[in-house]
Each structure stands twice: as C-alpha cells, then as structure tokens.
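> Show me how the following folds:
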Amino acid sequence: MRNEIVIYTISDSLGETSQKFLSAVLAQYPDLTFNISYKFPFVNKEEELLGILRDALNDKALVISTLVNNELAEAARKFSSQNHLLYLDLMSPFFDIIRSMTGANPIEKPGTVHKLDTEYFNKIAAIEFAVKYDDGKNPQGFLDSDIVILGVSRTSKTPLSMYLANRGHKVSNLPLIPEVPLPQVLAEVDRKRIIGLICHPDNLSRIRSNRLDSLGLNHTSSYTNLEKIYAELEYSKQVFKEYGAYVIDVTDKSIEETAYMVEEYLKSFEELGQS
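Down below sits the predicted model:
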C-alpha cells in the first residue's frame with residue numbers, strides 16, 4: 001500500500017474548483033496521507049500542459065483537471081490514455097451531459113466565474129465593511145449593517161462576519177462584556193438583523209485556553225475561568241432577549257454551518273416580504 005498519494009491539479013484559471021472538490025473528498029479519508037501541493041493554475045499552452053503531465057507520470061501522481069478549453073482537455077485525455085496516467089477530468093463529463101440535453105456547447109472561457117461584475121464589487125465592499133466594523137469598532141456602523149452579530153469572546157464572531165461578508169453581506173459584530181455598557185445605537189438596529197452567538201461553557205473554556213496557549217500566556221486570568229464564563233454567557237442571553245436577537249448555539253458547528261443558519265433565518269423574512 002502506498003504511504004502517500006500525490007495529486008496534481010491543473011486548471012486554465014485559478015484552480016479553486018479542484019481544490020474545493022479535493023477538500024470534500026480527502027476529508028473522507030482521515031487515515032490516508034495526500035500530497036496536494038502540486039497546483040498548476042493558468043495553464044493555457046499544450047506544451048506546458050504536457051510537461052506537467054510527464055512530471056505527474058514520473059511521480060505516479062493522480063491528476064485532477066478543471067480545464068475548460070476543449071483542445072487542452074482533449075490533449076490531456078489523450079496523453080493520459082496513452083501513458084496510463086491516472087487522470088480525472090471534472091468538467092468535460094458535465095459539459096457532455098449538458099450538450100446531450102440541450103445541444104449547447106460551453107463557451108470555453110477560463111475564469112468567467114471570477115468576472116469583475118457588480119456582484120464581485122459588492123462582495124469586496126462587504127469585506128471592507130466587515131473589517132471596518134469588526135469587534136465593535138464604530139457602533140454607528142450597526143445601522144448600515146445587513147447583520148449585527150453579538151456574542152462573548154471566542155464565539156466566532158469575526159470568522160463568521162468575514163465568511164458572511166465574503167458572501168456579500170454587510171456584517172458588523174460586537175463583543176459582549178458584562179463590565180462594558182452596550183452602545184446606545186444598538187437599540188436602533190432592526191431586531192431581525194441581530195444574531196446572538198452562544199457556546200457550551202466547557203467548549204468556550206477550551207477554546208479560550210487554546211487561544212492563550214497560542215499567545216504564550218498563562219491561564220491564571222479569569223478569561224478561562226468556567227464560573228466566569230457561565231456568568232458571561234448568562235449576561236449574553238439577557239442581552240439577546242432584550243434586543244430580540246436570533247440565537248445560534250455554535251458549539252461544534254463549523255463557520256459554514258452557522259452562516260447557513262443565519263442566511264436561512266434572513267431568507268425567512270425575505271420570503272414574507274419583511275426584509
């Protein structure tokens with residue numbers, strides 16, 4: 001049995017599609033070792049492509065391709081077939097199915113998923129907004145936010161804000177600290193846009209301990225004290241109730257799962273015409 005599986009990824013654009021595909025597949029094999037460091041984006045010449053394939057053959061690698069140019073994809077398939085190279089073309093089979101259903105051919109233009117359209121620039125603006133109003137900086141930004149996230153320290157407010165911003169939402173967040181008064185402007189925010197995050201106290205204590213370890217700090221502060229954490233969370237629940245926040249327990253949830261719940265919650269108002 002091989003100790004390591006080497007995987008080459010080839011694309012005529014950034015190659016994000018194959019990376020996401022690999023992330024989903026490799027997560028199903030936690031006991032195997034994969035080397036996915038061989039990434040070849042923006043491949044648009046046959047000579048370059050064949051050179052990469054020859055290297056893959058020497059490395060006994062598996063090749064994942066997301067080439068949209070049919071001539072390049074055909075050249076890769078031909079080389080792989082003739083040389084018994086393990087080769088997986090993620091795009092062509094799908095193109096063939098669509099062609100058989102509609103008669104339409106793909107435009108074969110790399111990078112169109114990253115085109116600089118209005119959606120792209122709105123996303124960039126949302127990311128800049130999230131950075132500007134992260135961690136309670138300038139609470140006046142709450143009024144212009146699509147989403148205002150509240151929670152005690154280490155409940156993933158900032159990662160969630162950035163993830164949602166990357167999906168085009170203008171997000172601000174505020175850390176809840178019992179000793180610090182809440183900004184008055186919070187009372188003016190549409191309650192439907194306020195999200196409250198909670199986490200199991202044991203998990204929160206462990207996350208905070210890991211944070212202190214990463215900073216090289218000791219654990220003598222109340223930051224990781226379980227009794228103090230219980231009190232902080234109780235305070236946060238009171239705030240959520242007062243401001244009508246939609247509360248999500250982020251314990252053992254990925255950022256993607258929490259973001260999905262936020263978007264589904266907001267979507268429920270849009271469907272009712274209350275956005």
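> What segments of the stretch 1-150 of the chain are strands?
With DSSP state E, counting those that start in this stretch, the ranges of strands along the stretch 1-150 of the chain come out as 5-10, 34-40, 62-65, 86-89, 147-151.
> highest average neighbour count across those strands?
strand 147-151 (a mean of 27; mean count of other C-beta atoms under 10 Å). (C-beta placed from N, C-alpha, C; glycine too.)
> ok, residues contacting that one?
Outside strand 147-151, the residues that touch it by C-beta atoms under 8 Å, 6 or more residues apart in numbering are 142, 157, 160-161, 164, 169-176, 186, 189, 193-199, 236, 239-240, 243, 245, 262, 266.
> Apply 6 Å and report the result again.
With C-beta atoms under 6 Å, 6 or more residues apart in numbering as the test, strand 147-151 has contacts from 142, 157, 161, 169, 171-174, 176, 189, 193-197.
> Widest-spaced pair of those residues?
In the contacts of strand 147-151, the most distant members under the criterion C-beta to C-beta are 169 and 176, with 20.7 Å between them.
> State the distance from residue 11 to residue 132.
When distance is defined by C-beta to C-beta, to the nearest Å, residue 11 is 33 Å away from residue 132.
> Counting neighbours, go ahead and name the busier of those two.
Each of residue 11 and residue 132 had its neighbours counted (other C-beta atoms under 10 Å), and the higher figure belongs to residue 11 (25 against 12).
> what's near enough to touch that one?
Neighbouring residues of residue 11 by C-beta under 6 Å, 6+ apart: 41, 66.
> which phi and psi does it have?
Taking degrees, to the nearest 10, you get phi -150, psi 150 for the backbone angles of residue 11.
> And it, how close does it get to residue 240?
Separation of residue 11 from residue 240 (C-beta to C-beta): 44 Å.
> mind listing the helices for the stretch 151-275 of the chain?
With helices called from DSSP state H, counting those that start in this stretch, the stretch 151-275 of the chain shows them at 157-166, 201-215, 226-243, 255-271.
> Residue 126 and residue 170 touch, don't they?
Yes. Under the criterion of C-beta atoms under 6 Å, residue 126 lies in contact with residue 170, with a separation of 5.2 Å.
> Report the residue spans of the chain with pLDDT below the cut-off.
Within the chain, the stretches with pLDDT under 70 are 1-2, 114-116, 219-220, 272-275.
> Give the residue farthest from the middle of it.
Among residues of the chain, the one most distant from the C-alpha centroid is residue 82; the distance is 38.6 Å, by C-alpha atoms, centre = their mean.
> OK, contacts around it?
Under the criterion of C-beta under 6 Å, 6+ apart, residue 82 has no contact partners.
> same question, residue 70
Taking C-beta under 6 Å, 6+ apart as the definition, contacts of residue 70 comprise residue 108.
> Could you measure from it over to residue 224?
Taken as C-beta to C-beta, the spacing of residue 70 relative to residue 224 amounts to 58 Å.
> Could you state which residue of this protein sits nearest its centroid?
By C-alpha atoms, centre = their mean, the most central residue of the chain is residue 163, 5.6 Å off.
> can you pull the buried residues of stretch 192-209?
Applying a neighbour-count criterion of 16 or more other C-beta atoms under 10 Å, the buried positions in stretch 192-209 are 192-199, 201, 203-205, 208.
> actually stretch 223-238, sorry about that
In terms of neighbour count (16+ other C-beta under 10 Å), stretch 223-238 has its buried residues at 223, 224, 229, 232, 233, 236.
> Identify the residues contacting that stretch?
Outside stretch 223-238, the residues that touch it by C-beta under 6 Å, 6+ apart are 152, 176, 178, 198, 201, 204, 205, 208, 209, 222.
> let's go with 8 Å and repeat that
Judged by C-beta under 8 Å, 6+ apart, the contacts made with stretch 223-238 from elsewhere in the structure are 150-153, 176-178, 196, 198-199, 201-202, 204-205, 208-209, 212, 222, 247.
> In this structure residue 13 contacts residue 44, no?
No. Here residue 13 does not reach residue 44: they are 9.4 Å apart, not a contact under C-beta atoms under 8 Å.
> any shared contact partners between these two?
By the contact definition C-beta under 8 Å, 6+ apart, residue 13 and residue 44 are jointly contacted by residue 110.
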